[in-house]
Each structure stands twice: as C-alpha cells, then as structure tokens.
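J.: just a sequence and a predicted model for now, questions to come.
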Amino acid sequence: MGKRVDFQRALEEISGKDASLSPATLQALSDSTRDEGERFAACLCALDGAQRCDIVQRMVTAAEESFALDYAVLFRHCLSDADSRVRRLAIEGL
C-alpha cells in the first residue's frame with residue numbers, strides 16, 4: 001500500500017502550483033498500474049500545456065538517467081494529449 005500512497009502524493013505534488021518534481025516524486029510515478037495511469041492522465045488534464053510538457057520532459061530525462069524507472073503506462077496516456085509537444089515527448093519516452 002505504500003506505493004499507492006506515494007503515487008497519490010506524487011499526483012498532489014504535480015497538481016500544486018509550484019510543482020517541482022523531486023527524485024522521490026519521479027520514482028513514485030514509476031511502475032504505475034493502469035488505474036494509476038488513468039489518475040495521472042486526469043491530473044495532467046487540469047494543467048496547462050507548458051506544465052504538462054515540463055512534467056513529461058522530466059519523466060523522460062529521469063528514465064534516460066535510470067533504467068530502473070518505468071513510465072510506459074503514463075507515457076501511453078500522454079499519447080492522446082491535446083498538445084503535440086506532450087505527445088512527442090511521450091513517444092520519446094516509450
């Protein structure tokens with residue numbers, strides 16, 4: 001259950017006005033379930049395009065730096081984002 005609590009806290013951090021994604025937050029988003037992916041997508045929809053791009057870019061960078069991080073479920077949800085920049089980053093992340 002700890003992972004789910006961490007994931008929920010990560011979503012809360014993402015939703016915050018000054019969301020600075022800490023390494024712990026990025027780690028909490030890794031290895032997400034389908035349900036968590038849907039919650040992540042809903043959280044992202046509430047943000048503007050620039051914020052969504054920033055978050056997804058940070059995830060891509062973190063995954064490139066650590067092979068242990070897996071955002072595939074979250075990146076798949078980003079493939080249907082309204083912003084083409086987010087979709088491009090999601091493809092890069094996959």
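T.: The structure has been received and is ready for your questions. Numbering: from 1, shown residues only.
J.: please count neighbours and contacts with C-alpha atoms only from this point.
T.: Noted.
J.: and the biggest helix by length in the chain, average pLDDT?
T.: Determined from DSSP state H, the single longest helix within the chain is helix 49-65. The predicted model assigns helix 49-65 a mean pLDDT of 95.
J.: buried stuff in the lowest-mean-pLDDT helix or strand in the chain?
T.: Least confident helix or strand, the chain: helix 2-15 with a mean of 82, by mean pLDDT, DSSP states H and E. Under the neighbour-count criterion of 16 or more other C-alpha atoms under 10 Å, helix 2-15 has Asp6, Phe7, Gln8, Ala10, Leu11, Glu13, Ile14 buried.
J.: got the angle for that helix vs helix 49-65?
T.: Orientation check (axes from the mean of the first three to the mean of the last three C-alpha atoms, to 10 degrees): helix 2-15 against helix 49-65 gives 140 degrees.
J.: quick one: buried residues of the longest helix of the chain?
T.: Residues 49, 51-60, 62-63 are the ones in helix 49-65 that count as buried (16+ other C-alpha under 10 Å).
J.: what does stretch 81-94 give?
T.: Neighbour-count burial for stretch 81-94 [16+ other C-alpha under 10 Å]: Asp81, Arg85, Val86, Arg87, Arg88, Leu89, Ala90, Gly93.
J.: what does stretch 66-75 give?
T.: Leu69, Asp70, Tyr71, Ala72, Val73, Leu74, Phe75.
J.: got the contact list for it?
T.: For stretch 66-75, the external contacting residues (C-alpha atoms under 8 Å, 6 or more residues apart in numbering) are 27, 29-34, 37, 40-41, 56, 59, 62-63, 90-91, 93-94.
J.: need the CA coordinates for the next helix or strand after the longest helix of the chain. PDB is fine.
T.: Next in sequence after helix 49-65, counting helices and strands by DSSP states H and E, comes helix 72-78. Extracted as PDB, the C-alpha positions of helix 72-78 are listed here (Å, rounded to 0.1, in the frame of the first residue of the first chain):
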ATOM      1  CA  ALA A  72       5.400   3.300 -20.000                       C
ATOM      2  CA  VAL A  73       1.800   3.300 -18.700                       C
ATOM      3  CA  LEU A  74       1.900   7.000 -18.100                       C
ATOM      4  CA  PHE A  75       3.600   7.800 -21.400                       C
ATOM      5  CA  ARG A  76       0.900   5.800 -23.200                       C
ATOM      6  CA  HIS A  77      -1.800   8.000 -21.600                       C
ATOM      7  CA  CYS A  78       0.200  11.100 -22.900                       C
END
